[in-house]
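**Q** show me the folded form of this:
(one chain, ligands or ions: 1)
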Amino acid sequence: MATYINVHTHIFSINHVPEYVVGQNRWIFPISVKRFGGINDWVLTPLMPVIGLFTKRKSAARLQTFARLGLATDQADQYQSLAEYYKGLGHDFRYVVLPMDMEQMGAGLTESNLYTQLLDIIEMRQNPEIAHRLIPFVPVDPRRPEFTDGTAILNFVKHYIEKFGFAGIKLYPALGYFPFDPKLTEMYEWAIEKQIPIMVHCIQGVIHWQGSMDNWRSILSVAEGLEGYQNDPSWQLLSEKDKTKKREIFQRNFTQPNNYDVLIKYLRKQGVPNAEKLKVCLGHFGMDDDKWFNECKNLIANYENFYADISYVVAQEKCKAKLVDVMSSNQFKSKILFGTDFYVVSKEKKEDEILKIYLEIIKEFSPFAEVNAEKYLKNSIR
Ligand SMILES: [Zn+2]
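**A** A predicted model of the protein is given here:
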């Protein structure tokens with residue numbers, strides 16, 4: 001039986017999502033759920049933040065699948081729902097689980113903190129059946145108050161990777177920081193030395209910085225003057241007034257794929273040995289946007305250890321042709337990873353529907369879920 005790996009899944013629960021995850025206007029979402037029916041009022045209150053992960057146009061059935069999964073307060077339940085979808089496929093499936101630190105995104109409090117989220121996963125992996133299938137990454141947001149310097153971040157990451165078998169690092173810059181935040185340099189240096197993979201979120205999404213925009217200049221100033229850095233073109237075009245309001249465009253400055261080219265140059269300048277060997281997966285391939293998609297392709301072609309995954313976009317009709325094209329290309333075939341973005345993607349399609357579409361258009365899991373995934377995940381610690 002072949003072993004296949006889905007490199008991009010989530011099992012974080014409603015308890016890890018802050019109250020204002022999509023901003024103060026979240027109240028419009030429960031109204032649309034109510035109209036579709038099937039979800040009771042008592043469900044709506046705790047559901048609020050998760051409903052916010054939707055756009056308004058999704059159909060009732062999708063909304064309910066997503067709500068059912070997103071409502072789970074227990075990561076173990078989420079994990080079971082995920083594994084259930086893969087049982088009938090006749091292969092040995094494993095899942096990279098990406099926890100999320102949404103506590104610094106300026107969207108209010110979460111019910112349960114990051115450390116509890118990670119502890120839950122450690123406890124789940126006490127079960128040997130789950131231990132080898134659930135491959136967790138450790139999320140890092142350099143703005144956490146306890147991360148007083150780069151060493152604090154490195155120690156945090158090492159603790160989970162060396163002691164508890166976490167297999168990589170997850171960054172989500174859209175929450176309001178740059179991948180080349182100076183506090184992350186020590187972590188990168190160690191990750192390069194140990195060949196630890198780093199998953200980065202790389203698509204314009206609904207989860208992004210929700211805090212004040214009054215000081216956007218000082219937030220962006222971190223990037224000023226760095227070799228190769230430019231603010232996102234659609235952000236540059238905004239009026240001064242819109243620059244204090246349009247958070248969904250603001251996030252593009254943090255997320256744009258070109259930032260990883262800037263990062264490598266920055267690390268070189270900081271004297272980090274073998275900076276160009278950094279192992280990165282560009283989550284979602286930037287595929288929603290042709291400019292970003294091309295930038296991603298350039299990055300994975302230029303850097304030996306750069307990969308891109310097809311999670312989320314694999315569920316989008318508009319990306320189908322691009323997927324087939326890039327995944328059948330000899331140039332890129334060895335640099336693409338299979339992922340779905342469970343359960344965040346269930347607002348588009350259910351996991352079994354995605355697997356069916358995937359197999360129809362791409363035909364096989366290998367090399368993406370097998371050879372490439374193994375290369376991506378292999379590190380020198382274990
Ligand atoms: Zn994701």
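
**Q** need the next SSE after the helix or strand hosting residue 264, C-terminal direction.
**A** Using DSSP states H and E, residue 264 sits within helix 259-269. Using DSSP H and E, the helix or strand that follows helix 259-269 towards the C-terminus is strand 280-283.

**Q** in that following strand, which residues are buried?
**A** Going by neighbour count (16 or more other Cβ atoms under 10 Å), the buried part of strand 280-283 is 280, 281, 282, 283. (Each C-beta comes from the backbone N, C-alpha and C, glycine too.)

**Q** among these, which pair sits farthest apart?
**A** Using Cβ to Cβ, the two most remote members of the buried residues of strand 280-283 are 280 and 283, lying 9.7 Å apart.

**Q** between these two, which contacts overlap?
**A** Shared contacts of residue 280 and residue 283 (Cβ atoms under 8 Å, 6 or more residues apart in numbering): 199, 200.

**Q** contact partners for residue 199?
**A** 7-8, 96, 98, 137, 168-171, 280-281, 283, 309.

**Q** for it, which three-state class applies?
**A** strand (DSSP: H, G, I helix; E, B strand; the rest coil).

**Q** report how many residues lie close to residue 336.
**A** 22 (other Cβ atoms under 10 Å).

**Q** and the pLDDT for it?
**A** At residue 336, the model reports a pLDDT of 98.

**Q** surely it touches residue 326?
**A** Yes: with contacts counted by Cβ atoms under 8 Å, residue 336 reaches residue 326, the gap being 6.8 Å.

**Q** what do these two both touch?
**A** Common neighbours of residue 336 and residue 326 (Cβ under 8 Å, 6+ apart) are residue 285.

**Q** which one of the contacts of residue 199 is nearest to residue 253?
**A** Closest to residue 253, out of all of the contacts of residue 199 and judged by Cβ to Cβ, is residue 171, at 14.8 Å.

**Q** give me the phi and psi angles of the closest one.
**A** phi -120, psi 140 (degrees, to the nearest 10).

**Q** okay if I get the contacts of residue 199 as a markdown table plus pLDDT and distance to residue 261?
**A** Formatted as a markdown table, the contacts of residue 199 follow (pLDDT from 0 to 100; distance: Cβ to Cβ, whole Å):
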| residue | pLDDT | distance to residue 261 |
| --- | --- | --- |
| 7 | 98 | 22 |
| 8 | 98 | 22 |
| 96 | 98 | 24 |
| 98 | 98 | 23 |
| 137 | 98 | 23 |
| 168 | 98 | 21 |
| 169 | 98 | 19 |
| 170 | 98 | 20 |
| 171 | 98 | 15 |
| 280 | 98 | 11 |
| 281 | 98 | 15 |
| 283 | 98 | 17 |
| 309 | 98 | 19 |
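
**Q** give me the buried subset of those.
**A** Burial by neighbour count, 16+ other Cβ under 10 Å: within the contacts of residue 199 this picks out 7-8, 96, 98, 137, 168-171, 280-281, 283, 309.

**Q** ok, residue 301 - how many residues close by?
**A** Residues near residue 301, counting by other Cβ under 10 Å, number 11.

**Q** helix or strand: which one has residue 308?
**A** Assigned by DSSP H and E, residue 308 falls in strand 306-309.
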